[in-house]
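show me the folded form of this:
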Amino acid sequence: MKTIFVNWHGPFAYEEIKNRHHYLSGDSTKYLEGNGLYAITGNVKYQRGKPILQYIGITEKPYAERFRNHHILEKVTRDVNFWLGKVVNSAEATRKDFEDAEYIMVFFNSAAPLNERKGVNPPKFECSVISKFFKGNKMIPYKNVPAIVHDLPEVMIWNPETLELQYCRKLKIFKLE
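Numbers count the residues shown, from 1 in each chain. The predicted model follows:
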């Protein structure tokens, strides 16, 4: 079974991404430069209540360039924030890794209502996606993941033969001291 590990950093406002304040602090490799996953949160017109996860996508471009004229930003108009995801399985994640992770997360996430194309048919491949969430542009994990991303489980395991998804919204952390 393929397992994809995704490190999510956020939330970021568009201005932070446009002005390159999303790069990892002190990291010259520009880890969050682009070529990864992203999630857009906020509210659409007439939507009441707290912002929700609206869209999950992938880009091979720098994030600022991808978001410059993003079609979803015409719909998500209030409280817009971005989460930037990097596949960290290996030194060189492939486009297929990004697409597989996106497919699993979108298909099983009704809270991303603006993903119209990828939520129709269940994935035909076996896959696990494990997500970790980090504060902004630092490598400091959230102890309590912000409510805005609770709709994105930290662990998702899909078996196409049994048509069964196993998931865990919040991983428990056991730390030896």
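
which parts of the chain are strands?
2-12, 34-44, 52-62, 76-87, 127-135, 155-159, 164-168 (DSSP state E).

for the fifth one, the distance to its chain's centre please.
For strand 127-135, the distance between its averaged C-alpha position and the chain's averaged C-alpha position is 8 Å (C-alpha atoms, centre = their mean, to the nearest Å).

okay, buried residues for it please.
Cys127, Ser128, Val129, Ile130, Ser131, Lys132, Phe133, Phe134 (16 or more other C-beta atoms under 10 Å). Yep, even glycine has a C-beta here, placed from its N, CA and C like the rest.

ok, residues contacting that strand?
1-10, 83, 85, 100-101, 104-105, 140-142, 145-146, 149, 152-158 (C-beta atoms under 8 Å, 6 or more residues apart in numbering).

now these: which count as buried?
Buried among these (16+ other C-beta under 10 Å): 4-10, 83, 85, 100-101, 104-105, 145, 149, 152-154, 156-158.

which strand residues bridge Lys132?
On the basis of DSSP bridges, Lys132 is bridged to Asn7.

run through the protein and note the low-pLDDT ranges.
The model of the chain has pLDDT under 70 over residues 21-31, 90-91, 110-119, 148-149.

looking at the strands of the chain, which is closest to Asn19?
Nearest to Asn19 among the strands of the chain is strand 2-12; the distance by C-beta to C-beta comes to 10.4 Å.

wait, Ala93 touches Asp100, no?
No: the criterion here is C-beta atoms under 8 Å, and Ala93 misses it with Asp100 at 10.4 Å.
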